[in-house]
Every structure is written in C-alpha cells, then in structure tokens.
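[1] Curious how this folds, go ahead:
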Amino acid sequence: MTIEVKTFELPEQKPELYFSHTEAYTLISVPAWNWCYLWTISDNDQKDKQQFKEALKGILDDLTAIQMTDKVYQFLMTGN
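    All right, here's what the predicted structure looks like:
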C-alpha cells in the first residue's frame with residue numbers, strides 16, 4: 001500500500017492530506033486535524049462529494065468545506 005501526500009491551499013490554512021488508494025475506496029487523512037475519511041468510489045459523484053463535505057462540518061466553515069471538497073475530488077479524479 002502506498003501513501004501519497006498532497007498539500008491544499010485553503011483560506012488561512014495549508015493542510016497536508018494523506019491518501020491511500022484501492023480500487024474501491026480512498027482513505028484520506030489530515031493528521032493536523034486528527035481527522036480521516038473513507039471515500040468510497042461509486043457512480044454517484046455528487047453524493048460522494050456531499051458526504052465528504054458533510055464530514056468536514058465542525059472542522060471547516062461551509063465555504064472552506066466546499067473548496068476542500070472540490071480540491072480533493074479533482075485530485076481523486078485527475079491526480080492533480
């Protein structure tokens with residue numbers, strides 16, 4: 001199993017995210033927040049994004065959670 005590290009620019013933050021991929025899911029961890037999320041790969045991208053955004057509640061404000069969700073989704077789909 002390999003772990004990728006990616007840093008995302010957010011307002012007032014620059015968290016490092018750790019990604020571990022399989023064919024069915026990706027484990028996403030943010031050690032600085034003591035937080036992780038299991039992103040299950042499905043055919044419903046909008047549902048996946050909504051669930052991820054909901055998991056960020058309490059950690060990030062709504063606008064920042066949307067930005068983070070979009071950045072993570074783009075990374076998962078394109079590797080960039």
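
[2] chain center to stretch 48-68, what's the gap?
    Computed by C-alpha atoms, centre = their mean, to the nearest Å, the separation of stretch 48-68 from the middle of its chain amounts to 9 Å.

[3] Name the residues of that stretch that come out as buried.
    Judged by neighbour count (16 or more other C-beta atoms under 10 Å), stretch 48-68 contains these buried residues: D48, K49, F52, K53, A55, L56, L60, A65, Q67, M68. In this view, the C-beta of every residue, glycine as well, is placed from N, C-alpha and C.

[4] Which of the helices or strands spans the residue most central in space within the chain?
    The C-alpha lying nearest the average C-alpha coordinate of the chain belongs to V72 (C-alpha atoms, centre = their mean; 4.3 Å). Using DSSP states H and E, V72 sits in helix 62-78.

[5] Likewise for W39?
    Short version: W39 belongs to strand 35-40, going by DSSP H and E.

[6] list the contacts for N80?
    Residues touching N80, when contacts are defined by C-beta atoms under 8 Å, 6 or more residues apart in numbering, comprise Q74.

[7] try it again with 6 Å
    Taking C-beta atoms under 6 Å, 6 or more residues apart in numbering, we find N80 in contact with no residue.

[8] just to revisit the earlier point, can you tell me which of the buried residues of stretch 48-68 is closest to Y25?
    Using C-beta to C-beta, D48 is the member of those that sits closest to Y25, with 10.5 Å.

[9] residues touching the closest one, list them.
    Taking C-beta under 6 Å, 6+ apart as the definition of contact, the neighbours of D48 are S42.

[10] Need the three-state assignment for it.
    Taking DSSP: H, G, I helix; E, B strand; the rest coil as the rule, one finds D48 in the helix state.
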